[in-house]
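*Asks:* give me the fold of what follows.
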Amino acid sequence: MGTPALWIGFNTCVLALLALDLGVFHRGARAVSMRSAAGWSAFWIVLSLGFDLWIFRSHGTRPALEFLTGYIVEKSMSLDNLLVFVIVFRAFGIDPKYQYRVLFWGVMGALVMRGVLIGLGAALLARFDWLLIALGAFLVVVGFRTLFHGAPHPQPERNLVVRWARKIFPVAHGDSGGHFWIRENGRIAVTTLLLALIVVEGADVIFALDSIPAVFGITRDPFLVYTSNVCAILGLRALYFLLAGALPFFRYLNVGISTVLIFIGGKMVAEPWLQVSTGISLAVVGAILGVAIAASLLSARASEATRA
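*Replies:* Residues are numbered from 1 along each chain as shown. The predicted structure is shown next:
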């Protein structure tokens, strides 16, 4: 369904919203309040659901269900990114008032990288049908690995690009003023903001290798894969400031995400012999994530009651 006009129109709207976001609403460096984060989270979710409604009215039920399922899968898997943000910001000591700037440019890089990966994936799938089965098997392996060993977390001090940057450029000390590099003692020096951004971008590439094949397991339409990814990522920054402190309470979310990966991977492997409708896929994914979140909240409440 992705005509050139749709691709151009969608990306134009995204760029305009991002420019408005950073250039107007978050122009000055300041910590994001819970109220602001909640408002922006609601805004991006409503905007995404509105886009899905447009897909339903203009292209029918199936594309709308495929977008919604892909959006939910990508949104749930992006919660792992939030935990990475917490780890990275603590490791580099990023001031809360500058965290939004790092996340903004991190999202910009993620949009470009995911666009490239989705385009490459679509081209390969169109040429090699067996690749869908291979990707499904990969997701099953990743799902079981995450289920038993947990999701991998970045170690900033071991990041090769960060180590290279530190060897080539001096690292600035003190307040960077929200800049990624500054001139210090007559030399160009990188700041901890740039180092944090490098790690965030690297982590997103790793997560994209799981999430993009998962969405291709739901729909083969590159436009729906891309737009569901973009819509999920756009609200990631606001969601971070809203949920960062509550992430430890979602202790069973990884189990839910792992199970979703196993289900979608199994569906991809079995597709030549067994067809699972998008409606059933959406119901299964929603049920798995709903049970995982409910179990996490009940467990957190029980722990609080025990401590009391």
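
*Asks:* tell me which residues in stretch 264-273 are buried?
*Replies:* For stretch 264-273, a neighbour-count test (16 or more other C-beta atoms under 10 Å) marks 264-269 as buried. C-betas here are computed from N, CA, C, even on glycine.

*Asks:* so what touches it?
*Replies:* By C-beta atoms under 8 Å, 6 or more residues apart in numbering, the surrounding residues in contact with stretch 264-273 are 73, 132-133, 135-143, 213-214, 216-218, 274, 276, 281, 285.

*Asks:* go with 6 Å
*Replies:* Residues from elsewhere that reach stretch 264-273 (C-beta atoms under 6 Å, 6 or more residues apart in numbering): 132-133, 136-137, 139-140, 214, 217, 276.

*Asks:* ok now that stretch, how far from the chain's centre?
*Replies:* 24 Å (C-alpha atoms, centre = their mean, to the nearest Å).

*Asks:* how about the helices in the chain?
*Replies:* 4-20, 34-59, 61-77, 79-92, 96-127, 130-149, 160-168, 192-216, 222-234, 236-243, 253-270, 278-307 (DSSP state H).

*Asks:* just name the most buried of these.
*Replies:* Most buried of the helices of the chain by mean neighbour count (mean count of other C-beta atoms under 10 Å) is helix 222-234; its value is a mean of 24.

*Asks:* list the contacts of that helix.
*Replies:* Helix 222-234 is contacted from outside by 1-2, 44, 48, 66-67, 70-71, 74-75, 78, 107, 110, 114, 118, 122, 215-216, using C-beta under 6 Å, 6+ apart.

*Asks:* ok, 7 Å please
*Replies:* Contact with helix 222-234 is made by 1-2, 6-7, 10, 14, 44, 48, 51, 63, 66-67, 70-71, 74-75, 78, 107, 110-111, 114-115, 118-119, 122, 212, 215-216, 219, as judged by C-beta atoms under 7 Å, 6 or more residues apart in numbering.

*Asks:* with stretch 138-154 instead?
*Replies:* With contact meaning C-beta under 7 Å, 6+ apart, stretch 138-154 is reached by 80, 84, 87-88, 199, 202-203, 210, 213-214, 217, 254-255, 258-259, 261-262, 264-266, 268.

*Asks:* likewise for stretch 275-287?
*Replies:* Stretch 275-287 has contacts (C-beta under 7 Å, 6+ apart) with 62, 65-66, 68-69, 72-73, 218, 260, 263, 267.

*Asks:* rewinding a little: now, which of the contacts of stretch 264-273 sits nearest Pro96?
*Replies:* Within the contacts of stretch 264-273, distances to Pro96 taken as C-beta to C-beta reach their minimum at Ala214, with 31.9 Å.

*Asks:* re the thing from before, compare the helices of the chain and report which one is nearest to Asn185.
*Replies:* Asn185 sits nearest to helix 160-168 of all these, at 16.0 Å, using C-beta to C-beta.

*Asks:* mean confidence for the closest one?
*Replies:* Helix 160-168 comes out with an average pLDDT of 72.

*Asks:* what's the answer for stretch 138-146, then?
*Replies:* Stretch 138-146 comes out with an average pLDDT of 86.

*Asks:* return that stretch as PDB; C-alpha atoms alone will do.
*Replies:* Extracted C-alpha coordinates of stretch 138-146, given in PDB (Å, rounded to 0.1, in the frame of the first residue of the first chain):
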ATOM      1  CA  PHE A 138      16.200 -16.700  14.500                       C
ATOM      2  CA  LEU A 139      13.400 -15.100  16.500                       C
ATOM      3  CA  VAL A 140      12.600 -18.400  18.200                       C
ATOM      4  CA  VAL A 141      16.300 -18.800  19.200                       C
ATOM      5  CA  VAL A 142      16.400 -15.100  20.400                       C
ATOM      6  CA  GLY A 143      13.100 -15.600  22.300                       C
ATOM      7  CA  PHE A 144      14.400 -18.700  24.200                       C
ATOM      8  CA  ARG A 145      17.800 -17.100  24.900                       C
ATOM      9  CA  THR A 146      16.100 -14.000  26.300                       C
END
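
*Asks:* which stretches of the stretch 1-150 of the chain have low pLDDT?
*Replies:* 1-2, 21-32, 150 (pLDDT under 70).

*Asks:* now do Leu298 against Phe249, distance only.
*Replies:* For Leu298, the distance to Phe249 (C-beta to C-beta, to the nearest Å) stands at 11 Å.

*Asks:* let me fix that: Met108
*Replies:* 30 Å.

*Asks:* before we move on, back to that, with distance to Leu195 added, can I get the contacts of stretch 275-287 in CSV?
*Replies:* Listed next are the contacts of stretch 275-287 as CSV, based on distance: C-beta to C-beta, whole Å:
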residue, distance to Leu195
Arg62, 44
Leu65, 41
Glu66, 38
Leu68, 37
Thr69, 36
Ile72, 33
Val73, 31
Ile218, 35
Val260, 32
Phe263, 37
Lys267, 40
